[in-house]
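In: I would like the atomic coordinates for the input below:
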Amino acid sequence: MAQYSREDLFGKLDLLSIEKSGGTVNTIYNGRVICATNVSDRYEIFDIVKYFKDRIIEIEACFNISQYYLSIRGGKQYLELISDDVVIGGERYLKTFHMLNSTDRTRKLSFNTGLYNIDHKYYIISGINNVSLVKSHIKGVTQAAEEASKGIGTETFDEQIAALNSLVGHRVLLSKVREVILGTEEKVPGIAHKKFDSFTKHLLSNSISGYAKEKYTQHRVLRRKSEYIGATIPKEDDFYIDAFDVVMSYLMAFKGQDSHAIKIETDRIMNITLWATRNNALELLGI
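Out: Residues are numbered from 1 along each chain as shown. Model prediction:
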C-alpha cells in the first residue's frame, strides 16, 4: 500500500496504454509491450486508464482516500483504494474500492466495494449494493462500466454496514452453516468440505466476539474433518456460534483472492447468516 496522492497515482497510470493491432491486443507499460494477446472480433478495447481515473475522481468527491495499491503485471491491472473507517460490532473496518481488469482474457472487468477488517485482515465484499460490476470484454463493456459507476455516492456502503450491524448479538447453528457450505455446487470434488474445515480452523483460533473462544474449543466436532462427520451434524454435537464469528471465520480463508471471488463467498455466508439470525429472532418471539 502507498499513501494516496492523485498526482502520483495518475503518473503511474499514464505509463499504461492498451492498443489493438489486427487480432492482437498489446498491453504497453512505460513504452514496453508487457503482454500480447490474440482476440476475436467480438473483443472490445477498454480504456482502463480512463476508467481508473474517472472512478478515482468520483470516489474522491464522496470519500477521503488515504491509501492505494496498484498492480500492473502482464495483462492484469488491479487498483484498490482505501478510505474512511467505520466501527461495526466493536470492530474497525476501512471502506475499500476494488477495480480489476485484464487484457489477456483471464479476468473480467470488475468493480466492487467492501470493508477491510483492520485487526484480523480480511475483506467483506458484498454484492448487496448497486455499484458492483462484472463484465466480459465484448462489445458493450464500456457502456456497462459507465452505467454501473453511477451508483457511487456517500450511501454506497450503507447496505453492507446495515447488514453487518444486524448480526450484532445474534447466533447461528453450526449445522446451518455447514449445510450451506456443503450445499454449494463445486467443480472440484471435496472443495466444499475443505471450505468447512478452513472455517472451523479459523473459528477455533480467531474468535472476535464476546463469546469466549474457549467455549468453541469444548466442541469436538470442530476438530473433526468435515468428510468424516456425515451428511448432517448430530443434534447432540450441534451448537450456536456468534454471527460475527461465522462471517469472520469463513472469509479469513479467502485472503489473497481477487475481489470478485471474495464477493461470491461474502454473499454466500452473509445470506445464510442473515437468514439464520432472522429465524432465531422469530423463534425467541415464539413465531
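In: Following the chain past the host helix or strand of residue 56, name the next helix or strand.
Out: In this structure, residue 56 sits in helix 48-60 according to DSSP states H and E. Sequence order places strand 67-73 as the next helix or strand after helix 48-60, per DSSP H and E.
In: That next one: which residues count as buried?
Out: Using 16 or more other CB atoms under 10 Å as the test for burial, strand 67-73 gives 68, 70, 72. Any C-beta I mention is one placed from the backbone N, CA and C, and that applies to glycine too.
In: same deal with stretch 25-35?
Out: For stretch 25-35, the buried set under the neighbour-count rule, 16+ other CB under 10 Å, comprises 25-29, 34-35.
In: Ramachandran angles for residue 241?
Out: Residue 241 has phi and psi values of phi -120, psi 140 when expressed as degrees, to the nearest 10.
In: does it have beta-bridge partners, and which?
Out: Taking DSSP bridges as the rule, residue 241 bridges to residue 172.
In: hang on, the earlier thing: can you tell me which of the buried residues of strand 67-73 is nearest residue 177?
Out: Using CB to CB, residue 68 is the member of the buried residues of strand 67-73 that lies nearest residue 177, at 34.8 Å.
In: my guess is the closest one meets residue 10, correct?
Out: No - between residue 68 and residue 10 there is no contact under CB atoms under 8 Å: 10.9 Å.
In: follow-up on the earlier one: tell me the two of the buried residues of stretch 25-35 that are most distant?
Out: Within these, 25 and 29 form the most distant pair, 13.7 Å apart (CB to CB).
In: thinking again about what came up before, may I see the buried residues of stretch 25-35 organised as TSV, with pLDDT and secondary structure added?
Out: Shown next, in TSV, are the buried residues of stretch 25-35 (pLDDT from 0 to 100; DSSP: H, G, I helix; E, B strand; the rest coil):
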residue	pLDDT	secondary structure
25	92	strand
26	94	strand
27	96	strand
28	96	strand
29	96	strand
34	96	strand
35	95	strand
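In: How far does the helix holding residue 56 sit from its chain's centre?
Out: 20 Å (CA atoms, centre = their mean, to the nearest Å).
In: Only alpha carbons, please: show it as CSV.
Out: Taking Å, rounded to 0.1, in the frame of the first residue of the first chain, the C-alpha atoms of helix 48-60 are listed here in CSV:
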residue,chain,number,x,y,z
ILE,A,48,-8.8,1.0,-18.4
VAL,A,49,-6.6,4.1,-17.7
LYS,A,50,-9.6,6.5,-18.3
TYR,A,51,-11.8,4.2,-16.3
PHE,A,52,-9.5,4.1,-13.3
LYS,A,53,-9.1,7.9,-13.4
ASP,A,54,-12.8,8.6,-13.7
ARG,A,55,-13.6,6.3,-10.8
ILE,A,56,-10.9,7.9,-8.6
ILE,A,57,-12.3,11.4,-9.2
GLU,A,58,-15.8,10.2,-8.4
ILE,A,59,-14.7,8.4,-5.3
GLU,A,60,-12.7,11.4,-4.1
